[in-house]
Structure formats: structure tokens, C-alpha cells
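Colleague: 3D model of this:
(one chain, ligands or ions: 1)
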Amino acid sequence: MQKLLISGKRKLKGTISLSGSKNATLPILAASILANKVKLNNIPLVKDIFTMAELLRYIGLKVKIKNFKRLIELENNEKKINTLAPYKLVKTMRAGVLVLGPLLAKYRKAKVSLPGGCAIGTRPVDLHLFALKKLGAKIKIKDGYIIAEARKGLRGAQIKFPSISVGATENALLAAFGAKGKTILSNCATEPEILDLIMFLRKMGCKIENFGRKIIVRGNTKSKNFINHKVISDRIEGGTYLVAAVLAGEKITINKIDTNIFKNELAILKKMGARIVISKNSVLIMKSKNLKKISISTKPYPGFPTDLQAQFMVLMTQSKGVSKIKENIFENRFMHVPELRRMGAKIEIKNQTASILGPTKLTGAEVMATDLRASVSLVLAGLIADNRTIINRIYHLDRGYEFLESKLKKCKAKIKRI
Ligand code: EPZ
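Modeller: Model (predicted):
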């Protein structure tokens, strides 16, 4: 099994360019089931994207990935479509459940493995099924599979989500694309990745009015023949490198960053005392000293993202006073805490709130990655720790961070995969 070795305390200098967004690419790939020919640019070369590509091939799409160009070409020639998403492909990547909406909309039936829980929480899919039922699908659960059909096709409906879910909003949008009539979705997620999906569906010819938490889709769309789309850059990767730069940077520039969607995070970093110069598509971070404590609470966008909570926690170990993080999205997303404690961090958890005392000297240790963002928080801790940090189970990192080591190495970090 591969490990990462990090020798900490290097002063980082250089430029990091962000990759395409994993969480924007995944639903757009699922949307390609509804299309004929698609060319997607700026895709990140990470494991989850390859798994989704494999799932689409299994379903019957032609999928060609051109690694060098960060390009994926998809074609649905409808010859041999398999409306099944098997367990082996959905179990490693929950976003596999996003093929449910498009399969139902286009082929009127689907059998998709239930994704099950994962390290960060139980992560049910009841809200996805709630929306699809409202659109007229008959759904049962059998042998670990969601078996759904809509013999006469889906019909537009009014759907008010009882709580906000990124994936359920995406699945509902994808299903509404093929539903007859008007669908009104309310209490929707408004993450930038959802806006990218809406842009893509509009390019396919779908009429969508977006009012933030309320989205109106005029469905029964027949896709335009060829769609060319460039995926937005990865805001969570961006936030991760912003934290790395504030922690260990002498002078780091982050490029290909859409600073409009980072307003909150940048404001938090500034409030903590980070020295940041913001331009339209880049951010310059200079050596920052005497960081101040802060309290944050994870919320759906535009609130603070749960996917950056672990990374900011490392920053809080270096800030003066007791900082707090309340995790409101997932019930078990403090798995990095015991590992950070082993490196010397002083963190207490009560209910869903972590209290982090800083500044604390971190020392390298052998630690274990548990999920994607927890893993990267250990990398960040390793960058500032004394001695050597060894991170085990780094396959989690490969699910979502493109060329992490080489991006950090280019900035003079001492990091090696063995
Ligand atoms: C997306 O997951 C992201 N994944 C996650 O990124 C991210 O953490 C999450 O949104 C929140 O921002 C992708 O985009 C592929 P949700 P998703 O449905 O869609 C509950 C990463 O590290 N819920 O918005 O699965 C759920 O349990 C990952 O890149 C239900 O109760 O998240 C959670 O508490 C991890 N029933 C809350 O809603 C449902 O049917 C929000 O989950 C669906 C969700």
C-alpha cells in the first residue's frame, strides 16, 4: 500500500494552478447519459472521475479520456444501453447514484446500487428518492438496489426538499430534464458545482430558470447533438492550497481560482491575519504570522463548506487562542482529530463542535488517512510539523486531488510517495 512521506518545516514558494472540479465533473458526466456527444474540458485526472467513466462505459456510453489534454469525450449512441449501476462501481464512489435521475428520465427505468454509508456519515439517499417519486417514479429497494421505473415517463412536479442536499438537487435536475412539463424545485443546494451543471444542461437545450434555492426546469428536452463544456476549477482544492500557503508559504500564488466563489473563505483567512492579495483569477499569499483564533460553522453554500473543515482545523492549531468548528453537515467528520492529536494538536470535541487550542507545535508521526479531506489535512499538518510525517492509506487522496505531490513539490515541499 502506498504512503506519503513528508519532511516538514520547508518554506513554500511558487505557483500552484488549480485543476478542474471533481464535484462539478461527476454530475456533468452523469448528465452525459441524456446527451448524444459531449466534450468536457478541464476534467481532473482523479480516481473518482475514472470510476464514473467506468460506470458510464458499463451503462453503454463510449468514453474516451485524453489525459494530456484533461479532456473526456462521451458518446451515447443508444445501441446497447444497460440501465444498471452495479454495486462494485457505486460502492467506491457515492456519486454513482447520480445516474439514477438521467437513466429514469431517458430510459424510464434504472437499477442502481444503494451507495451505503461511508467514513464521514450514514449519507442516506432518501432525498434523491423523494424527488424522483414526486416526478412519478415508482421505486422499491431490493437486495441493496434501488429499482425505479416510470413506465409512462416522468412528469414535472413541485418539489420542496425538506432539507438541502447537493446530490439530491443534482439528481432532481437531471430527472427534470426529461420530465414532461414544468418542475419547480425549492430548498435546493446552490453550490457552484450545481451552477456548472445548470450551465451544462442549458447548453443541451434545457430551459432552466435559476433563482438560487428555487429552480424551475421546463423538461422533456431533446438534447442538442454536440455539447462542449469546460468544467469550473476546484474550489475545495483551491481552499486546501490557500490553507497550505497560509500555514507554510513564504510567497505562493494560486492561479485559475475563481475568487468570487471564495469570498467567505478569503474573508475568514484575512480575519485570521493572513496576508493575501486577491486578483480576479489568482490569489497571492505572503508569509503570515500571529494568526488569530476564529469560530466557523459548516453550512450549505454560501456557508462555510464541510469539505474545508479539516484543512482549516490545521490552520487553527497555529492560531492564537481557542478556535471552534461546528460541523453541521455530516455526523462523523472529525476522523482527522485523533490523528492530528497524535501529531501534538490540542483538540477537544463535544457534540458536533471541535475546540482547537493554538498555537501548538506539531511533530511528525505515522498517521492514517480516513477520507479525502481528512487525508489532506494530515498532509497540511505534515508540511508544518517537525521531523517526518508518514501518511498511510493515501488512496483516499487520489480520489480527489490531482497531482498533489507534484504541485507541492514545485513549491519546494519535501514530499514523496513510496
Ligand atoms: C456532496 O455530497 C459532495 N460530493 C461532498 O463532497 C460534500 O461534502 C457534500 O456535497 C456537502 O457539501 C459530491 O459532490 C460528489 P449532500 P452529497 O447530499 O451530495 C444528508 C468530498 O470530499 N442527506 O449535500 O452526498 C447527508 O447525509 C465530498 O468531495 C440526506 O439526509 O452531500 C448530509 O448530512 C464528500 N438524505 C447532508 O444531507 C439524502 O438523500 C448533505 O449531503 C441526501 C443527503
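
Colleague: contacting residues around the residue in the chain that the ligand sits nearest to?
Modeller: Here the chain gets closest to the ligand at one residue, Gly167, 2.8 Å apart by CB to the nearest ligand atom. From N, CA and C alone the C-beta is placed, and that goes for glycine too. Applying CB atoms under 8 Å, 6 or more residues apart in numbering to Gly167 gives the contacts Arg94, Ala95, Val97, Leu98, Val125, Leu127, His128.

Colleague: Repeat the analysis, applying 10 Å as the threshold.
Modeller: When contacts are counted by CB atoms under 10 Å, 6 or more residues apart in numbering, Gly167 touches 23, 26-27, 94-95, 97-98, 101, 115, 123, 125, 127-128, 189.

Colleague: Of the residues you listed - the most surrounded one?
Modeller: Greatest neighbour count in the contacts of Gly167, by other CB atoms under 10 Å, goes to Gly101: 35 neighbours.

Colleague: where does that one fall, phi/psi-wise?
Modeller: Dihedral pair for Gly101: phi -60, psi -50, per degrees, to the nearest 10.

Colleague: What of the one 3 residues further on?
Modeller: Backbone torsions of Leu104, given as degrees, to the nearest 10, read phi -60, psi -40.

Colleague: so it touches Val97, yeah?
Modeller: No. Using CB atoms under 10 Å, Leu104 makes no contact with Val97, being 11.9 Å away.

Colleague: any shared contact partners between those two?
Modeller: Val112, Asn171.

Colleague: got the residues of the stretch 101-250 of the chain near the ligand?
Modeller: Contacts of the stretch 101-250 of the chain with the ligand, taken as CB under 6 Å from any ligand atom, map to Gly121, Arg123, Pro124, Val125, Asp126, Leu127, His128, Ser165, Val166, Gly167, Ala168, Ala189.

Colleague: Distance to Val231 added to the residues you listed, as TSV?
Modeller: Shown next, in TSV, are these (distance: CB to CB, whole Å):
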residue	distance to Val231
Gly121	26
Arg123	24
Pro124	28
Val125	24
Asp126	29
Leu127	25
His128	22
Ser165	21
Val166	16
Gly167	17
Ala168	21
Ala189	18
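
Colleague: just checking, which of those residues belong to helices?
Modeller: Asp126, Leu127, His128, Val166, Gly167, Ala168 (DSSP state H).

Colleague: Tell me which two of those sit farthest apart.
Modeller: Pairwise distances across these (CB to CB) peak at 14.5 Å, for the pair Asp126 and Val166.

Colleague: Who has more neighbours out of these two?
Modeller: Val166 (19 against 11).

Colleague: correct me, but that one touches Ala189?
Modeller: Yes. Val166 lies in contact with Ala189 (CB under 10 Å); the separation is 4.4 Å.

Colleague: Need the overlap of contacts for the two.
Modeller: Pro300, Tyr301.

Colleague: before we move on, the earlier item: among the contacts of Gly167, which one lies nearest to Asn332?
Modeller: Arg123 (9.9 Å).

Colleague: who's in contact with Ala345?
Modeller: 313-314, 316-318, 336-339, 356-358, 360-363, 381, 385.

Colleague: So how do I select the buried members of the residues you listed in ChimeraX?
Modeller: Selection of buried members from those for ChimeraX, criterion 16 or more other CB atoms under 10 Å:
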select :313,314,316,317,318,336,337,339,356,357,358,360,362,363,381,385
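
Colleague: Restricted to strands, list the contacts of Ala345.
Modeller: Counted as lying in strands by DSSP state E, out of the contacts of Ala345, are Ile356, Leu357, Gly358.

Colleague: thinking again about what came up before, adding pLDDT, write the ones in helices among the residues of the stretch 101-250 of the chain next to the ligand out as a markdown table.
Modeller: Listed next are those as a markdown table, based on pLDDT from 0 to 100:
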| residue | pLDDT |
| --- | --- |
| Asp126 | 96 |
| Leu127 | 98 |
| His128 | 98 |
| Val166 | 98 |
| Gly167 | 98 |
| Ala168 | 98 |
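
Colleague: hang on, His229 is in a strand, isn't it?
Modeller: Yes. Counting by DSSP: H, G, I helix; E, B strand; the rest coil, His229 is located in a strand.
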